[in-house]
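Undergrad: could you work out the structure for the sequence below:
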Amino acid sequence: MTTPQDAVPGSALGLPERGAGSLASWGSRIAALVIDWCAAMAVAMLLFGPGVLGEGGWRRWAILGVFFVEKALLTALTGGSFGQLLRGIGVIRVDGGRLGWWRPIVRTALICLALPALLIGADRRSITDLGLGTAVVNRRPAVN
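TA: Okay, the predicted model is just below:
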């Protein structure tokens with residue numbers, strides 16, 4: 001008899017154990033987030049100057065603004081942010097439907113608040129993913 005502790009993450013969602021469509025590891029998700037943040041810093045510095053790293057006022061929010069636009073727009077268009085695409089992971093709806101526009105926008109806004117991303121539920125899904133019916137999965141096949 002299989003107990004909940006023995007279950008493979010994602011199996012309750014009907015996702016495979018490994019390979020494309022399986023839940024992305026926390027390491028890949030964190031690496032993608034770091035890549036996204038570094039890319040947002042670079043773009044913000046190119047657009048608004050190096051003051052975004054230490055000045056006050058509106059420049060203080062420039063990196064977060066660029067991060068929000070990049071992550072929401074790319075997730076809506078491609079199913080993953082810049083960092084997620086580089087790491088070979090992406091966001092899907094667990095019911096198989098299209099992400100649409102509002103889910104990536106709301107998901108990114110909640111990620112920008114940080115707290116929802118830190119509250120983790122079952123199957124390696126943040127509270128944001130649980131609320132929006134999404135999951136972050138691998139896009140690449142398993143390597144044997």
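
Undergrad: which residues does whichever strand or helix holds residue 67 contact?
TA: Per DSSP states H and E, residue 67 falls inside helix 62-78. Helix 62-78 has contacts (C-beta atoms under 8 Å, 6 or more residues apart in numbering) with 36-37, 39-41, 43-44, 47-48, 52, 80-82, 84-85, 90-91, 99-101, 104-105, 107-109, 111-112. Every residue, glycine included, has its C-beta placed from N, CA and C.

Undergrad: kindly report the same for stretch 31-45.
TA: 52-53, 62-67, 70-71, 80-84, 86-87, 89.

Undergrad: one more time with 7 Å
TA: 52, 62-63, 66-67, 70-71, 81-84, 86-87, 89 (C-beta atoms under 7 Å, 6 or more residues apart in numbering).

Undergrad: with pLDDT and neighbour count added, can I get the residues you listed in a markdown table?
TA: Output for these, formatted as a markdown table (pLDDT from 0 to 100; neighbours: other C-beta atoms under 10 Å):
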| residue | pLDDT | neighbour count |
| --- | --- | --- |
| 52 | 95 | 23 |
| 62 | 96 | 22 |
| 63 | 96 | 20 |
| 66 | 98 | 23 |
| 67 | 98 | 24 |
| 70 | 98 | 19 |
| 71 | 97 | 29 |
| 81 | 97 | 28 |
| 82 | 97 | 21 |
| 83 | 98 | 24 |
| 84 | 97 | 26 |
| 86 | 97 | 15 |
| 87 | 97 | 26 |
| 89 | 97 | 23 |
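
Undergrad: brilliant, that's me finished.
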